[in-house]
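Asker: Make a model of this:
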Amino acid sequence: MPGSDDAGPAWSPLVPGADGDVVLAVDFATTGRCEATFAELAGLLPGPVDVWQAVPPPDAPARGREDDWARHYLHWWAGQEAYGPAARPVRAVLGYCAGCVFASRLADVVERRQSARPVLVFFDPEVPGVVSLDRGIRAAVDGIDGLSDEERAGLRREIGRIRDAAGNNFDKAAEAFVALYREAYETVLTRMGVGGNFAEQLTRLFRSYAGYLSAARRLEPGAGWESAVSLLSAGRAGGRLGREIRFPVRQEDLLRDPGVARAVQELVSPP
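Answerer: Numbering: from 1, shown residues only. Below is the predicted model of the structure:
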């Protein structure tokens, strides 16, 4: 069952010790990424809010029908025991970028379960595509230690070539980007004299990220997508959803901005 002890937790608490309703947050958070995470946002909230962050399923298939991926992710996070040991009511659901698609669907599930609609808050919402992959692979390549400046520049050029060749074909771009990422690690490990399958092991995180995006893009946004409150960074285009609040910060700083934290506190606090 999702959230059961033998499979690992589907949700991880970010602010221990808070009581009452919970707030769920969906993002693909990784150690070392330049973009702020919900953990940083939770630490900035002025008042006590029990925020739980989504943990990707450990057994998401590497291959298979992509529609099954989407249902697998959603079922994992929407399990009856997924919201903590007490299964407390859900006050709000937060989503970051592609996580907004999952957040909107989870809000629908929560509403059916508890007969009350949780507040839905988006941060730079997007339905993922090749552009999302491009942004992710560039950040991932920048995080690989041991590459020369020339090698890194060559990888960036190859990323652009793959993106242009793929057009709107997400699966084609994802497969090529995963292969490029693995090759980059193979270059570094060969130079270090490290053999075995370490490159493949190090590639698993980006492969998992590509699977997360693939699952999100195959889900229809939930019924409340257009009713969500969207908190937007300075460079993000607006006008696509209902209420929008813009902040003079870069996307990577959106979840670490005190002004954003104050806005979230106001949105998720009980009336």
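
Asker: How many residues are close by Arg243?
Answerer: For Arg243, the neighbour count with other Cβ atoms under 10 Å is 10. Using the backbone N, CA and C atoms, a C-beta is placed for each residue, glycine as well.

Asker: Tell me how far it lies from Val119.
Answerer: According to Cβ to Cβ, to the nearest Å, Arg243 stands 11 Å off from Val119.

Asker: between those two, what contacts are shared?
Answerer: Val229 (Cβ atoms under 8 Å, 6 or more residues apart in numbering).

Asker: What number of residues are in the vicinity of Ser269?
Answerer: The burial count for Ser269: 14, using other Cβ under 10 Å.

Asker: thought it was touching Pro46?
Answerer: No - contact criterion Cβ atoms under 8 Å: Ser269 and Pro46 do not qualify, at 9.6 Å.

Asker: for the protein, longest strand please?
Answerer: Longest strand in the chain, counting residues (DSSP state E): strand 90-96.

Asker: immediately after that one, which helix or strand?
Answerer: Using DSSP states H and E, the helix or strand that directly follows strand 90-96 along the chain is helix 99-114.

Asker: just the angle between the helix or strand of the chain with the lowest mean pLDDT and helix 99-114, please?
Answerer: None of the helices or strands of the chain scores lower by mean pLDDT, DSSP states H and E than helix 66-77, at a mean of 79. Counting by axes from the mean of the first three to the mean of the last three Cα atoms, to 10 degrees, helix 66-77 lies at 50 degrees to helix 99-114.

Asker: helices and strands around helix 66-77, which ones?
Answerer: helix 99-114, helix 198-217 (3 or more Cβ pairs under 8 Å, 6 or more residues apart in numbering; DSSP states H and E).

Asker: Just list what the first one packs against, helices and strands only.
Answerer: Based on contacts counted as 3+ Cβ pairs under 8 Å, 6+ apart, the elements that helix 99-114 packs against are strand 22-26, helix 66-77, strand 90-96, strand 119-123, helix 198-217.

Asker: out of those, which comes closest to Gly129?
Answerer: Gly129 sits nearest to helix 198-217 of all the helices and strands packed on helix 99-114, at 6.7 Å, using Cβ to Cβ.

Asker: What lies in contact with the closest one?
Answerer: Taking Cβ under 8 Å, 6+ apart as the rule, helix 198-217 contacts 28, 30, 56, 60, 62, 66, 69-70, 72-73, 98-99, 101-102, 127-129, 132-133, 136-137, 140, 170-171, 174, 177-178, 181-182, 185-186, 189.

Asker: what do you get for stretch 233-244?
Answerer: Here stretch 233-244 makes contact (Cβ under 8 Å, 6+ apart) with 122, 124-125, 225-232, 246-251, 253-254.

Asker: Now with 7 Å, please.
Answerer: The contact list for stretch 233-244, computed with Cβ atoms under 7 Å, 6 or more residues apart in numbering, reads 124-125, 226-230, 232, 246-251, 254.

Asker: Let's see the distance spanning that stretch from one end to the other.
Answerer: Criterion Cα to Cα, to the nearest Å; first-to-last residue distance in stretch 233-244 is 11 Å.

Asker: do stretch 157-175 as well
Answerer: Span of stretch 157-175 from end to end, Cα to Cα: 17 Å.

Asker: buried ones in that stretch?
Answerer: By 16 or more other Cβ atoms under 10 Å, the buried positions in stretch 157-175 come out as Glu158, Ile159, Ile162, Arg163, Ala166, Phe170, Ala173, Ala174.

Asker: For Gly193, state which of those is nearest.
Answerer: For those, the nearest to Gly193 is Glu158 (24.9 Å; Cβ to Cβ).

Asker: so who does the closest residue to Leu213 other than its chain neighbours touch?
Answerer: Once flanking residues are discounted, Leu213 sits nearest to Pro128: 4.2 Å by Cβ to Cβ, 6 or more residues apart in numbering. Contacts of Pro128 were listed using Cβ under 7 Å, 6+ apart, and they are Ala98, Leu213, Ala216, Arg217.
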